[in-house]
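# Here is my input, please return the structure:
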Amino acid sequence: MSFKTPAHHLARQRLYRAIVSLPTKLCPKDEPLHERIVFFDGPRSNAGEFLETLLAQVWHVNTDSWRIDGQIYNIQSADDLIAENVSDDTDKRLFEVSWGGPDGTTFANPDRVDIFTAPILKARLQAVLDDLNAEVTA
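Numbers count the residues shown, from 1 in each chain. Predicted coordinates:
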């Protein structure tokens, strides 16, 4: 699939990324600590509160106080991720999780990414994630 418009432009300043540490009952059996990278299309204010409500609906769990308890953290807008990260491809910057060290820039594990956005934006983000995954497995 070929895209011309960068993902963050499709989001109209409403795309966010957060890290979500799952409660034990949602973790895979062999992983007592399991974190997800969650992309979501949310309001410009109260994005964290919006994400708590969204996850309660889609994961069917009580997410009250997940932000306060630190289960939802590092909520950043796509604009901030693009400004702070280093990849030449601005869409890839959305998936960066670390920089430097012997491995250089590393990206989110595709198996741990959830995308809750409008269909066209989800397709764009998924295409970038697929490209990153292909680079890693090549």
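# pLDDT below threshold where in this protein?
Within the chain, the segments meeting pLDDT under 70 span 1-4, 8, 136-138.
# residue ranges of the strands in it, please?
15-21, 35-41, 72-77, 96-98, 106-107, 113-116 (DSSP state E).
# right, so of those, which gets closest to residue 52?
Ranking those by proximity to residue 52 (Cβ to Cβ) places strand 72-77 first, at 6.5 Å. For the C-beta atoms, the positions are set from N, CA and C on the backbone; glycine is no exception.
# Show me where the protein has its helices.
For the chain, the helices defined by DSSP state H occupy 7-10, 47-59, 66-69, 78-84, 90-93, 119-137.
# Is it possible to get a markdown table of the strands of the chain that adds distance to residue 9 and mean neighbour count?
Converted to a markdown table, these look like this (distance: least, Cβ to Cβ, whole Å; neighbours: other Cβ atoms under 10 Å):
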| stretch | distance to residue 9 | mean neighbour count |
| --- | --- | --- |
| strand 15-21 | 10 | 22 |
| strand 35-41 | 13 | 20 |
| strand 72-77 | 13 | 17 |
| strand 96-98 | 18 | 15 |
| strand 106-107 | 20 | 18 |
| strand 113-116 | 17 | 17 |
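# Take these and lay them out in a markdown table including distance to residue 58.
What follows is those, written out as a markdown table (distance: least, Cβ to Cβ, whole Å):
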| stretch | distance to residue 58 |
| --- | --- |
| strand 15-21 | 12 |
| strand 35-41 | 10 |
| strand 72-77 | 14 |
| strand 96-98 | 22 |
| strand 106-107 | 24 |
| strand 113-116 | 7 |
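# sorry, back to before: any idea which of the helices of the chain gets closest to residue 27?
Using Cβ to Cβ, the helices of the chain put helix 47-59 closest to residue 27, at 12.2 Å.
# Show the contacting residues for the closest residue to residue 20 other than its chain neighbours.
The shortest distance from residue 20 to any non-neighbouring residue, by Cβ to Cβ, 6 or more residues apart in numbering, is to residue 36 (4.7 Å). Shown in contact with residue 36 (Cβ atoms under 8 Å, 6 or more residues apart in numbering): 19, 20, 22, 112, 113, 114.
# Would you enumerate the residues in contact with the second one?
Which is residue 20. So residue 20 contacts 35, 36, 38, 51, 55, 66, 71, 72 (Cβ under 8 Å, 6+ apart).
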